[in-house]
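1. structure, please.
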Amino acid sequence: MIRGGIRHGDFPAQKAAASAACVMGALSEGLIGPLAPEAPDLADTRALIDAIIGFCLQAVSAAPHAHSSRVLEASND
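-> The predicted structure is shown next:
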C-alpha cells in the first residue's frame with residue numbers, strides 16, 4: 001500500500017519497507033495498552049482506532065524531514 005501511494009504521488013518518496021515496519025509497530029503499540037485486559041474500560045474504541053489510523057497516515061504522507069533525504073540518497077548508492 002505504501003509503494004502504491006508513492007507511485008500514485010499520494011505519499012512522498014521513502015523506504016517503503018522501513019515505513020511499513022514502523023506503521024506496524026505503531027499499530028501494535030497503539031492497541032496493546034488501551035485494549036489490554038487490565039486497562040480501564042475504553043469508552044470510545046472508535047476514537048482510538050481513528051487516532052491510530054490518523055497517526056499512521058500522517059507518518060507516511062508527511063513532508064520529508066531534512067535527514068530523510070540523506071537516507072534515501074544513501075539507499076540509492
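2. what's the biggest helix by length in the chain packed up against?
-> Counting residues, the longest helix found in the chain (DSSP state H) is helix 16-35. On a contact count with 3 or more Cβ pairs under 8 Å, 6 or more residues apart in numbering; DSSP states H and E, helix 16-35 meets helix 2-7, helix 45-61. C-beta coordinates here come from the backbone N, C-alpha and C atoms, glycine included.
3. what's in contact with it?
-> Outside helix 16-35, the residues that touch it by Cβ atoms under 8 Å, 6 or more residues apart in numbering are 2-3, 6, 39, 42, 48, 51-52, 55-56, 59-60.
4. restricted to buried residues, select those in PyMOL.
-> Only the buried entries of the contacts of helix 16-35 go into this PyMOL selection, using 16 or more other Cβ atoms under 10 Å:
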select buried, resi 2+6+52+56+60
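5. lowest pLDDT pick from the contacts of helix 16-35?
-> Ranked by pLDDT, those bottom out at residue 42 (67).
6. about what we covered before: just send the helices and strands packed on helix 16-35 back as CSV, with distance to residue 19 too.
-> Putting these into CSV (distance: least, Cβ to Cβ, whole Å) gives the following:
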stretch, distance to residue 19
helix 2-7, 5
helix 45-61, 5
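7. hmm, back to that, the longest helix of the chain: how far from the chain's middle?
-> 7 Å (Cα atoms, centre = their mean, to the nearest Å).
8. how big is the angle separating it from helix 45-61?
-> Taking axes from the mean of the first three to the mean of the last three Cα atoms, to 10 degrees, one finds helix 16-35 and helix 45-61 inclined to each other by 160 degrees.
9. then helix 16-35 to CSV, C-alphas only?
-> Coordinates of the C-alpha atoms in helix 16-35 are reproduced here as CSV (Å, rounded to 0.1, in the frame of the first residue of the first chain):
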residue,chain,number,x,y,z
ALA,A,16,8.5,1.6,1.9
ALA,A,17,9.7,-1.5,3.8
ALA,A,18,11.0,0.6,6.7
SER,A,19,7.8,2.7,6.7
ALA,A,20,5.7,-0.4,6.7
ALA,A,21,7.6,-1.8,9.7
CYS,A,22,7.2,1.4,11.6
VAL,A,23,3.4,1.6,10.8
MET,A,24,3.0,-2.0,12.1
GLY,A,25,4.9,-1.1,15.3
ALA,A,26,2.7,2.0,15.8
LEU,A,27,-0.5,-0.1,15.2
SER,A,28,0.5,-2.8,17.7
GLU,A,29,1.8,-0.4,20.4
GLY,A,30,-1.2,1.9,20.0
LEU,A,31,-3.5,-1.0,20.7
ILE,A,32,-1.6,-3.0,23.4
GLY,A,33,-2.2,-0.7,26.3
PRO,A,34,-5.7,0.5,25.7
LEU,A,35,-7.1,-2.9,24.8
